[in-house]
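1. Got a predicted structure plus its sequence, pasted below:
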Amino acid sequence: MIDKIPSSLQKLITLSDIASAQKPVKDEDYFQLKRDYQNLVNAVTAMLTAINGGEFSPLEGAGSPEGVITANYSLLYIDTDVNQLHYNPTYGADTGWIAL
């Protein structure tokens, strides 16, 4: 299918390219690309938020996590009192922490 597309159209086009393009680009194409671009930005932002300080970042606190801290997706907890790393093999569990 891609071999039927003229080679002049076989390149990635940025939002700024389309915004500054002459009018062979239809307005609805521009608005659709703008919506797609914004959806992509929102998805990447949500993913980075989840990774940095969200459900995928190690938890930390002072003292043992056993019976107190519920494991998130990272399954890791750092006890800042003694600089000890703990691992819990079960997401959502607050018991079963293993000191590493």
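-> Nice, I can see it.
2. Could you point out the longest helix of this structure?
-> Determined from DSSP state H, the single longest helix within the chain is helix 27-51.
3. Tell me the helix or strand right after that helix.
-> strand 59-61 (DSSP states H and E).
4. Packing partners of that following strand?
-> Packing partners of strand 59-61 (3 or more C-beta pairs under 8 Å, 6 or more residues apart in numbering; DSSP states H and E): strand 76-79. From N, CA and C alone the C-beta is placed, and that goes for glycine too.
5. Which elements pack onto the strand it packs on?
-> On a contact count with 3+ C-beta pairs under 8 Å, 6+ apart, strand 76-79 meets strand 59-61, strand 84-87.
6. May I see the ones you listed organised as JSON lines, with mean pLDDT added?
-> What follows is these, written out as JSON lines (pLDDT from 0 to 100):
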{"stretch": "strand 59-61", "mean pLDDT": "91"}
{"stretch": "strand 84-87", "mean pLDDT": "92"}
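7. Of those strands, give the one that comes closest to residue 16.
-> strand 59-61 (40.7 Å; C-beta to C-beta).
8. buried residues in the closest one?
-> Within strand 59-61, the residues that count as buried by 16 or more other C-beta atoms under 10 Å are residue 59.
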